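Chemist: no FASTA, just this:
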């Protein structure tokens, strides 16, 4: 299967009504065909891992092709340069989250890039940093606590950012890391309490929302 074959299949699965409704969820559908994510996952299972096709699909610029690219990419073959290129081209939260959760968090430099991207001024690059933290916490069951401890000060540092897609990602990372075990849970609560003291509406929202969930755990 090549790029043209995939695009033809996606056009067959496209739903104009779904495409129109994407905006309701804050998704930029300007480059979309209107294909639901479960259908993309099903197609990805058929294609399996194909790094070159993944890169070719990303380069089409088509919304669903980019999500599918993240599903069939081979994390062992992804380079730092590829991560930087793709991340720099994020324009919608769903593509950011799919790329980070399907592919980037499984690369050897997931932690390195999470720290790097979290300091970016670009909204979606910065979101990617915190989404990587959250997804890494979910998917890498064997990672040592020390990996996650270094993320807490970064969350505190960036909790002021009121941009919707950033503050929600900070909150997500804080909650996911706090759910890994009792030690990180207590550290996450302590971090949230410190964030709550910041003179920022975004920080107070991040803290309050995280605490609502974290205080129910363990």
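Modeler: Everything's here; your move. Note that this is a predicted model, so its numbers are computed, not measured.
Chemist: name the helix or strand for the nearest residue to residue 151 once chain neighbours are set aside, please.
Modeler: Ranked by CB to CB, 6 or more residues apart in numbering and with sequence neighbours excluded, the top spatial neighbour of residue 151 is residue 133, at 5.0 Å. From N, CA and C alone the C-beta is placed, and that goes for glycine too. Assigned by DSSP states H and E, residue 133 belongs to helix 123-139.
Chemist: can you pull the buried residues of that helix?
Modeler: Across helix 123-139, burial judged by 16 or more other CB atoms under 10 Å covers 123-137.
Chemist: what's the farthest-apart pair in the residues you listed?
Modeler: 123 and 137 (21.7 Å; CB to CB).
Chemist: got any ranges where this protein has weak pLDDT?
Modeler: 218 (pLDDT under 70).
Chemist: ok, 80 please
Modeler: Of all residues in the chain, those with pLDDT under 80 make up the ranges 217-218.
Chemist: residue closest to the middle of it?
Modeler: Centroid-nearest residue in the chain: residue 97, 2.7 Å away (criterion: CA atoms, centre = their mean).
Chemist: I'd say that one and residue 134 touch.
Modeler: No: using CB atoms under 8 Å, residue 97 is not in contact with residue 134; the gap is 9.0 Å.
Chemist: now do the domain split for the protein, please.
Modeler: Partitioning the chain according to automatic domain parsing yields domains covering residues 1-74, 93-218.
Chemist: and these, which is most packed in?
Modeler: Greatest average neighbour count among the domains of the chain goes to domain 93-218 (a mean of 19), per mean count of other CB atoms under 10 Å.
Chemist: ok, back up a step: show me which of the buried residues of helix 123-139 is closest to residue 186.
Modeler: Using CB to CB, the buried residues of helix 123-139 come closest to residue 186 at residue 137, 15.3 Å.
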